[in-house]
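[1] predicted model and sequence follow; I will ask about them next.
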Amino acid sequence: MAKQTKRTSTRKTASKKKPVAKKGAPDQNVVPDSLSFSQEFDTYPAGKYTHKKLGLSEDQVIGMYRNMLLQRRFEERAAQMYGKQKIAGFLHLYIGQEAISTGTATAMEIGKDSLITAYRDHGHALALGMSANEGMAEMFGKVGGCSKGKGGSMHFFDKENRMFGGHGIVGAHVPVGVGIAFGHKYKEDDGVAIAFYGDGAAGQGAIHEAANLMSIYDLPAILVVENNQYAMGTAVHRAFGQVEFSHWAASYDVRGSVADGMDVFSVVKAMQDAIASAREFKPTMMEIRTYRYRGHSMSDPQKYRTKEELDSKKNEDPIIRLKAYLLENKITDEKTLDAIDDDVKEEVMASVEFAENSPAPDLDAIYDDVYDSREYPFLS
């Protein structure tokens, strides 16, 4: 996909002042002779970018590979632990989408910028720096977990790295993400808020209300739909009239972009541009096209897609793609990559042991972090 012509915007660059709504709307009593608009859409195809073009060192690229592999091995082990009934409730695996979380974390200023996502959240947490121990213990419901064992798989939080969840209500976290962007602008801290949601959530009204608000307040926000093509089990084309999600940006007069989520360099570049734009108070609606190799959740029989389709998509695996890049460009060798895999596997196995040995939350702490009052006089 070629980069399309950029629009000529009449919007003034926002200064770092307290957020106020835009002024200068057209006269609604005057009917124009014709209607026209031009919109900025940026496309980031796979195979176009190299680490040097993106300003990444060889060590950074190797680190990105390790992090993607950590996410993959972590999710594989989580699936195994779910089968052993060590993990209860819901479990939504991120297998196949690791380039999105890793590419985003690479482009962000972790600890300064903010990220919020839905319930397929393990990959984002690990990419931002959460330890495998904290993640696995959380899924085991143990106090060593990132949410003290009270949140489980869908509610990973990491205050230090400004990851604000992990949320189970479809689409409801996106307005929170826009609110976080409002906070960044209000505090004048130069931070950016990135809110991820799935293609199945894209039709939720709250997301569109949030998109409208980020536009009229010129917020440092990026709304990202991780389009893995199937929602729970319904193909995108069966659920939406306009399946080019980046084009929805035109409705809110914000920047639109689309990246290839199976190529980590595509994601890095798309995020670098979107974050730079957001720091100038120009928000973006981004679509990242990806594919999940496992079911929507562990209970998903996946009858909505064929084995042939799944097998063909495995040729696009983002980890295999990055491994091939590392070898072809002689950044490292097969022996080193095998050692990285062994190291990652050991880290994940250690996280299982940590989770097993971490205690369960004390029953007396059941209302802690829920109610402000510690007396709970309203409970019988």
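    Received, thanks.
[2] tell me which element E309 falls in.
    Using DSSP states H and E, E309 maps to helix 307-313.
[3] just the buried residues of that helix, please?
    Neighbour-count burial for helix 307-313 flags K313 (criterion: 16 or more other CB atoms under 10 Å). Bear in mind the C-beta positions are built from the backbone N, C-alpha and C, glycine included.
[4] now stretch 149-165
    149-158, 161-165.
[5] mind listing what's buried in stretch 259-279?
    For stretch 259-279, by 16+ other CB under 10 Å, it's 259-275, 277-279.
[6] what about the residue nearest to L69 when sequence neighbours are not counted, neighbour count?
    In space, and not counting its chain neighbours, L69 is closest to V344: 5.0 Å by CB to CB, 6 or more residues apart in numbering. Look at V344: counted by other CB atoms under 10 Å, it has 21 neighbours.
[7] wait, what's in contact with V344?
    Going by CB atoms under 8 Å, 6 or more residues apart in numbering, V344 touches 66, 69-70, 73.
[8] now do stretch 71-83, average pLDDT.
    In this model, stretch 71-83 has a mean pLDDT of 98.
[9] how about the strands in the chain?
    41-44, 114-116, 193-198, 221-227, 255-260, 284-289 (DSSP state E).
[10] if we can go back for a sec, mean confidence for the helix holding E309?
    91.
[11] quick one: contacts of it?
    Under CB under 8 Å, 6+ apart, the answer for helix 307-313 is 96, 291, 293, 302.
[12] restricted to helices, list those.
    Judged by DSSP state H, these include no members of helices.
[13] buried subset of those?
    96, 291, 293.
[14] quick one: the residue nearest to L69 from D368, how far?
    V344 is 34 Å from D368, where distance means CB to CB, to the nearest Å.
[15] out of the buried residues of stretch 259-279, which are inside helices?
    Going by DSSP H, the helices hold 264-275, 277-279 from these.
[16] so where is the stretch 251-380 of the chain shaky, pLDDT-wise?
    Scanning the stretch 251-380 of the chain for pLDDT under 70 picks out the ranges 376-380.
[17] mind redoing it with 50?
    Within the stretch 251-380 of the chain, no stretch has pLDDT under 50.
[18] nearest spatial neighbour of the residue nearest the centre of the chain, chain-adjacent residues omitted?
    Closest residue to the average C-alpha location of the chain: F196 at 4.4 Å, with CA atoms, centre = their mean. For F196, ignoring the flanking residues on the chain, the nearest one in space by CB to CB, 6+ apart is T117 at 4.1 Å.
[19] and what of A202?
    Going by CB to CB, 6+ apart, A202 has V225 as its nearest residue, at 5.4 Å.
[20] what sits against that neighbour?
    Counted by CB under 8 Å, 6+ apart, V225 has contacts 196-199, 201-202, 245, 285-288.
[21] circling back to that earlier point, of the strands of the chain, which approaches P361 most closely?
    strand 114-116 (24.3 Å; CB to CB).
[22] name whatever forms a beta bridge with A221.
    When assigned by DSSP bridges, A221 has beta-bridge partners A193.
[23] run a quick neighbour tally on it.
    A221 has 33 neighbouring residues, counting by other CB under 10 Å.
[24] same thing with V236?
    18.
[25] what's the distance between it and D317?
    Applying CB to CB to V236 and D317 gives a distance of 21 Å.
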